[in-house]
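Chemist: Quick one: sequence plus predicted model below, questions after.
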Amino acid sequence: MENKFYNKSYNKFLIFILFFVIGLAIYDDYGFNIDEKFHRSNGFYWLNYIAEFFNLEQLAHLSKEKLINIKGFTLSPIEHFNKYAIIFDVPAAIIEVLFKLELPVDYYQMRHFLVFFYFYVGLIFFYKILFNRFKKDSLALIGVVLLFLTPRILGDSFQNLKDIVFLTFVIITSFWYFKTIDNFNKRNIILFSLFSAISISIRMFAVFFPISFIIFCLLSLKNENYKKKINHIVFHIITCVIFLILIWPLLWENTLESFLSYFEILGQYFGAKVLFLNNYYNSTALPYSYLPVWIFISTPILHLIIFFLGFSIMSARFFGRFINIKSNQIYNDFWRGTNEKKDFFILFNFIAIFLGIIFLNIKLYNSWRIAYFLYFFIIYIGIFYINIILIKLKNINLSYNFILKFIFFLFILLTAIRIIIYHPYQSLYFNMLTPNKIKNSVEVDYTGLSAIRFLNDIVVENPNKSVVKIGVASWYPLSRMIELLDSKDISKIEIVSNKKNSSSDYIYTIGISEVDKNLYKKYEIPINFTKHKELVIDGAIIYEVYKKK
């Protein structure tokens, strides 16, 4: 038994070390997205606010100086968009100050490693969730591997400073919800409330935690425990509100008014239209098929198969529980035991959030990255199915057992190979079932991860030219990326306005537009330009470059 335990612990340790080493080796391979400058501004804005609030004069001075020196941001002043969480941005700002990072490449790549570290912590808690539920070390590790080998999540874990951080805290919060199911005491409720508050401060989607907590408490009310459950509901709501105010400086002054102002920002329209199947839409008026189609084309086939099978079985189980509830039966709940309650929590929230996003017209853009936290539910449900298969395999002929395991690991290997093919653009991944026609009828590189590669290529291509004029046939603000070039090359690049594209040396386009390009010719390529090159990965056009004839 000791050797068995040692081997399991060793395998777990080895896998997590391997993932960390991979992250350490590749975190600086990735491009930079257009949101990073905003999040750096947000970090120093709130660091300055906190420092002034607590009379930390030196830190207040340093953070204000950093904030003033952030140039080239094309949105309104940061004071207008100050409603975002601080759980990532402020620690990143503090690290930048402590390590005296002055070069843009250095402080942005530090953030890339930091967001991967957050994701890595999320992987640890995902393991803890799966082990808590299934009590199988190997099964928990399979879940961790599947999450790590989700290409879009892996790619975003090195540069998506908001959605990956939110995914991490959704996982951590769910772990503490599971702990409240195991032991419904104040300590677990307090920790669940704390991480619920942190998650809510990142994205308002996380209100599903307190809502589902209340619903599940009410569903499990009994005559003998209703007072205790009601007390715990009230206790959770109060502690969650207190933590939300404490960890979100936006609410430190004029709490209610400031909280309501957050929803004003949510209602505003930003940036480009959404390209979906060759049509352009406002982000608040997407077709109902948007989210299902994106999940289908951008999720690995193995993940989809085990999810759909697990979802079918799990849904059938709880539907059966529902129609058979009778007051005179011993079992008159949606679940039988804590494990089924945990499964129902996952199923209930996945369905509620998925349908809510679709039918409430929740704003989505840049594929479906805002809802990437749904991958937590998708893979959990897939692991639920694998657990059923492992139970059945005990009674299956050894040859069938081997064949099933071989097929599973073959899919894992194929996904890993495609991750290598897409590197470092795993964020733009499409699965093998997606035809090239579909890949090029949706938005691909919305955040411009490939822009720095384009600029570096242009510099290399024109070594003797003092200034290279670049036009942009796209909504994408390419100018934000110039500071990431080597200092000697920054002065060589001049971005011209769209109206002067015909006078530029090159025109860069990633197909992102704030107007319907099917109706308006704002970004039409001038006739004196011809296609010079393009970046194509797995049939998907990432960007195109046109050069003056």
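Modeler: The structure has been received and is ready for your questions. Numbers count the residues shown, from 1 in each chain.

Chemist: going forward, measure contacts and count neighbours with C-alpha atoms only.
Modeler: Noted.

Chemist: Helix, strand, or coil at residue 545?
Modeler: Put simply, residue 545 is strand when judged by DSSP: H, G, I helix; E, B strand; the rest coil.

Chemist: how near is the closest residue to it other than its chain neighbours to residue 166?
Modeler: Here the nearest residue to residue 545 in space, its sequence neighbours aside, is residue 508; by C-alpha to C-alpha, 6 or more residues apart in numbering that works out to 4.8 Å. Distance check for residue 508 against residue 166: by C-alpha to C-alpha, to the nearest Å, it reads 32 Å.

Chemist: same thing with residue 138?
Modeler: Distance from residue 138 to residue 166, counting by C-alpha to C-alpha: 26 Å.

Chemist: who's more crowded, those two?
Modeler: A direct count of neighbours by other C-alpha atoms under 10 Å for residue 138 and residue 166 places residue 166 higher, at 28 against 16.

Chemist: from memory the more buried one sits against residue 205, does it?
Modeler: No - because the distance of 9.6 Å does not satisfy C-alpha atoms under 8 Å, residue 166 is recorded as not touching residue 205.

Chemist: After the longest helix seen in the chain, which helix or strand is next? Please name it.
Modeler: With DSSP state H applied, the helix covering the greatest number of residues in the chain is identified as helix 104-134. Using DSSP states H and E, the next helix or strand after helix 104-134 towards the C-terminus is helix 137-148.

Chemist: elements contacting that next one?
Modeler: Counting by 3 or more C-alpha pairs under 8 Å, 6 or more residues apart in numbering; DSSP states H and E, the packing neighbours recorded for helix 137-148 are helix 2-26, helix 104-134, helix 374-393.

Chemist: Could you point out the helix or strand that follows that helix?
Modeler: The element immediately downstream of helix 137-148 (helix or strand, assigned by DSSP H and E) is helix 151-156.

Chemist: Name the residues that touch that following helix?
Modeler: Contacting residues not belonging to helix 151-156 are listed as 147-148, 164, 298-300, 372, 415, 419, 424-429 [C-alpha atoms under 8 Å, 6 or more residues apart in numbering].

Chemist: so, if you compare the residues you listed, which one comes nearest to residue 175?
Modeler: residue 147 (15.8 Å; C-alpha to C-alpha).

Chemist: Give the full set of residues in contact with that closest one.
Modeler: Residue 147 makes contacts with 123, 153, 375-376, 379, as judged by C-alpha under 8 Å, 6+ apart.

Chemist: if we go to 7 Å?
Modeler: The contact partners of residue 147, taken as C-alpha atoms under 7 Å, 6 or more residues apart in numbering, are residue 379.

Chemist: start at 46 instead
Modeler: Shifting the count to begin at 46 puts that one at residue 192.

Chemist: Next, find the distance separating it from residue 522.
Modeler: The value you get for residue 192 to residue 522, if C-alpha to C-alpha is used, is 32 Å.

Chemist: Okay, now the sheet partners of the host helix or strand of the residue nearest to residue 590, with direction.
Modeler: Following DSSP H and E, the helix or strand that holds residue 553 is strand 551-554. Taking DSSP bridges as the criterion, strand 551-554 pairs within the sheet with strand 513-517 (parallel), strand 585-593 (antiparallel).

Chemist: Just the mean pLDDT for the following helix or strand past that strand, thanks.
Modeler: Once strand 551-554 ends, the next helix or strand along the chain (criterion: DSSP H and E) is strand 574-582. Across strand 574-582, the average pLDDT comes to 95.

Chemist: Strand partners (parallel or antiparallel) of strand 574-582?
Modeler: Strand 574-582 has the following strand partners under DSSP bridges: strand 585-593 (antiparallel).

Chemist: okay, the strand it pairs with in PDB with CA atoms only?
Modeler: Listed in PDB are the C-alpha atoms of strand 585-593, where the atom choice follows Å, rounded to 0.1, in the frame of the first residue of the first chain:
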ATOM      1  CA  ALA A 585      -7.000  29.700 -40.800                       C
ATOM      2  CA  ILE A 586      -5.800  33.100 -42.100                       C
ATOM      3  CA  ILE A 587      -4.300  34.900 -39.200                       C
ATOM      4  CA  TYR A 588      -3.300  38.100 -41.000                       C
ATOM      5  CA  GLU A 589      -2.600  39.300 -44.500                       C
ATOM      6  CA  VAL A 590       0.000  41.800 -45.700                       C
ATOM      7  CA  TYR A 591      -0.300  43.900 -48.900                       C
ATOM      8  CA  LYS A 592       2.600  45.800 -50.500                       C
ATOM      9  CA  LYS A 593       2.600  48.700 -52.900                       C
END
